[in-house]
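Engineer: Sequence isn't available, so here's the structure alone:
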RNA sequence: GGUCCCAUCGUCUAUCGGUUAGGACACGUGGUUUUCAUCCUCGAAAGAGGGGUUCGACUCCCCUUGGGACCGCCA
């Protein structure tokens, strides 16, 4: 079994944030690069906090960004019996023991440790309990018998060699008092059963590797490779929190970010390949490796995301862009009337040139989307009598045209500029305001050409 | 506090002992343009500090400083 297998193992206790998405991406990319498998495992052994809605959110997020897991997602809680079985084995083999300490006792130890300013390590009271009296009516927790002396070395594929003294690893709990397995046990058992070859996860799991390695050794199981990737920091500079405004995929979808852009951004956050900035999905699969992953944490940079998004908006197929736009509007704005579809599809080619996000397209397409044009009092002032006269003349000429194109329009405008002894702005601005209500927006020819002829007439008529 | 990790422009990063330290975003300038943009030109911008090793260090080693992670019967 030399087939590479990676997994992403989130706990459904909250919405997945983009740090997690990046971890999933790296795992997925790594396995696909090696023509291996990528699994999704939902770690729901914390029954109190796990929720189905979060599980769905996680799966949706991954799907949105283009990550597809092999086979059906694994639900960790379904394997609880297997985990318990292993715990039993460890107990029998003498690698684990029953701990009858009460919560109060443990808390007391923690308090003491805190006061002394030393790290809390469980005092291993029940490790060798031959002369202790087992209390009645107390369910024990099962603790793993960690090594007390010596050192352990982990060869991390990203971080390099990490060496720590075994004495700082406490006798961690593998089975709770209520008989349920903890993460340390479940993760190892599942990784082993799933034949995971590479565990790629956030830096914050590094210490767990030293605990988990001991379980592998006790069970005589093959140790997978480990790679701990640096965390993503918020713009403020600390670990990404669920409270950060832009931390979940949905936050970005709401902003009008395209999945390709975010995928590309996340890929380049902590990983690089020479000077290359833009990666198609195929390229990223082909080029991804763990060597390119940096060691230092990186900060989230929204302007970079926006700029990448701008690139993707400009380079995506226009029909496709329209479809995405439509979905975006349905979800976050008002649904688009079918009658506008053709106009919008045609207009994408210039709308996309002034947009960093789908939201920008929405703003610039207002003159198409809404049937009534709102003109602010400030802009209304710009439509003075001379301007109105220009508009009137324009309307007359415009009506006469049988076949509209840019050349025709250009001729009319030139003529008007001449006749009224003004410049392009003198004609263009009133036209834009009358047609769109705004001083800003797409090119005036684009606007006129994108609108139906009678629509243009109607809008100009209103200006009296 | 203990343990571990990290350290190049503001940000993401390239450099695998010898470079005028490169690219991208953001920023500034100039130009094209029909408004806003786009686009193009040019520019400013970095090896945290101190010791070594070496003919030569951003690159290797040590210390300091700074930042981060972990220290749950959460995952």
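Structural biologist: On my side now, so go ahead. It should be emphasised that the depicted structure is a prediction, and the values quoted were computed from it without experimental measurement.
Engineer: show me what contacts the residue in the stretch 1-150 of chain A positioned nearest to RNA strand B?
Structural biologist: The stretch 1-150 of chain A approaches RNA strand B most closely through residue A:43 (2.8 Å), counting by C-beta to the nearest atom of the strand. The C-beta positions use only the backbone N, C-alpha and C, and glycine is treated the same way. Neighbouring residues of residue A:43 by C-beta atoms under 8 Å, 6 or more residues apart in numbering: A:9-12, A:76, A:183, A:186-187.
Engineer: tell me the two of those that are most distant?
Structural biologist: Largest separation among the contacts of residue A:43 by C-beta to C-beta: A:12 and A:187, giving 14.8 Å.
Engineer: more crowded one of the two?
Structural biologist: residue A:187 (26 against 23; other C-beta atoms under 10 Å).
Engineer: Which element, helix or strand, includes that one?
Structural biologist: Taking DSSP states H and E as the criterion, residue A:187 maps to helix A:183-193.
Engineer: Check which helices and strands the following helix or strand past that helix is in contact with.
Structural biologist: Per DSSP H and E, the first helix or strand lying C-terminal to helix A:183-193 is strand A:198-202. Under the contact definition 3 or more C-beta pairs under 8 Å, 6 or more residues apart in numbering; DSSP states H and E, strand A:198-202 sits against strand A:5-8, helix A:18-33, strand A:225-229.
Engineer: mind checking which of those is nearest residue A:122?
Structural biologist: Closest to residue A:122 of the helices and strands packed on strand A:198-202 is strand A:225-229 (C-beta to C-beta; 24.5 Å).
Engineer: Any residue of that closest one touching RNA strand B?
Structural biologist: No: Strand A:225-229 does not reach RNA strand B (C-beta under 7 Å from any atom of the strand); its nearest approach is 8.0 Å.
Engineer: Name the spans of the stretch 1-150 of chain A whose pLDDT lies under the cut-off.
Structural biologist: The stretch 1-150 of chain A contains residues with pLDDT under 70 at A:1-2, A:113-120.
Engineer: And for the stretch 201-350 of chain A?
Structural biologist: The stretch 201-350 of chain A contains residues with pLDDT under 70 at A:242-243, A:245-246.
Engineer: Show me which residues of it are close to RNA strand B?
Structural biologist: Proximity of the stretch 201-350 of chain A to RNA strand B (C-beta under 7 Å from any atom of the strand) is limited to residues A:203-208, A:230-231, A:233, A:237-239, A:268-272, A:274-275, A:277, A:292, A:294-299, A:301, A:303-304, A:306-307, A:314.
Engineer: Turn the helices and strands packed on strand A:198-202 into CSV, columns for mean neighbour count and distance to residue A:125.
Structural biologist: Output for the helices and strands packed on strand A:198-202, formatted as CSV (neighbours: other C-beta atoms under 10 Å; distance: least, C-beta to C-beta, whole Å):
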stretch, mean neighbour count, distance to residue A:125
strand A:5-8, 25, 36
helix A:18-33, 24, 37
strand A:225-229, 21, 31
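Engineer: can those go into CSV with extra columns for distance to residue A:142?
Structural biologist: Shown next, in CSV, are the helices and strands packed on strand A:198-202 (distance: least, C-beta to C-beta, whole Å):
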stretch, distance to residue A:142
strand A:5-8, 25
helix A:18-33, 29
strand A:225-229, 25
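Engineer: quick one on the thing from earlier: now the helix holding residue A:187 and strand A:198-202, what's the angle there?
Structural biologist: Calculated by axes from the mean of the first three to the mean of the last three C-alpha atoms, to 10 degrees, helix A:183-193 forms an angle of 150 degrees with strand A:198-202.
Engineer: Report all helices and strands that helix A:183-193 contacts.
Structural biologist: Partner elements for helix A:183-193 (3+ C-beta pairs under 8 Å, 6+ apart): helix A:80-93, strand A:173-175, helix A:206-219.
Engineer: mind checking the backbone torsions on residue A:165?
Structural biologist: Backbone torsions of residue A:165, given as degrees, to the nearest 10, read phi -80, psi 130.
Engineer: so what's it bridging to?
Structural biologist: With DSSP bridges as the criterion, residue A:165 is bridged to residue A:151.
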